[in-house]
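S.K.: Just a sequence and a predicted model for now, questions to come.
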Amino acid sequence: PVVLGSAHHTHGEFHATRYMSTDLFARYRKEYGPFLAAVIRDAVQDAGLSLDDVSLVLPHNVNRFSWTVVARDLPLPLSRIYLDSVPLIGHCFCADPFVNLEWARASGRVVPGSVVVLASAGQGGTFGAVVLRVDSD
């Protein structure tokens, strides 16, 4: 794959992760989807593209519900977010977008020339996305 663009956002107020106050944790849960949508939009913009150019978003597999919120916030049809592996493998720490890229390629949902976004969130309010053009390798 060829990297076309990327973005990373850190919302440091959420650094305490599981030790956040109840109010701060409620705010984090409310903002999680919009934060993830924003980092995806910024990565796509960094690539000089629009969401219409993106074949598929390859997410981290925390859960399906979070991605329905992200899809609505982008807006992007949920069918363009690869969720096939969520019920099969769940969350594989640090590897989900890469596993999903390989699974999507094997299933034919990603073909040479496809533009995809790998997106993920981490503890402490970190969100990242990278836009790739998939080659034939």
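M.R.: Right, received. Where do you want to start?
S.K.: Now do the end-to-end distance for stretch 121-128.
M.R.: End-to-end distance for stretch 121-128: 6 Å, by C-alpha to C-alpha, to the nearest Å.
S.K.: Give me the buried positions along it.
M.R.: 121, 125-128 (16 or more other C-beta atoms under 10 Å). Every residue, glycine included, has its C-beta placed from N, CA and C.
S.K.: And stretch 11-23, by the same measure?
M.R.: Applying 16+ other C-beta under 10 Å to stretch 11-23 flags 14, 20 as buried.
S.K.: What is the end-to-end distance of it?
M.R.: Start-to-end, stretch 11-23 (C-alpha to C-alpha) is 16 Å.
S.K.: one step back: closest to residue 135 among the buried residues of stretch 121-128?
M.R.: Distance ranking of the buried residues of stretch 121-128 against residue 135, using C-beta to C-beta, places residue 128 first at 21.7 Å.
S.K.: looking just at contacts, which helices and strands does the helix or strand hosting the closest one meet?
M.R.: Assigned by DSSP states H and E, residue 128 belongs to strand 126-133. Counting contacts by 3 or more C-beta pairs under 8 Å, 6 or more residues apart in numbering; DSSP states H and E, strand 126-133 packs against strand 2-10, helix 22-46, strand 115-122.
S.K.: Just name the most buried of the ones you listed.
M.R.: With neighbours defined as mean count of other C-beta atoms under 10 Å, those peak in mean count at strand 115-122, which reaches a mean of 23.
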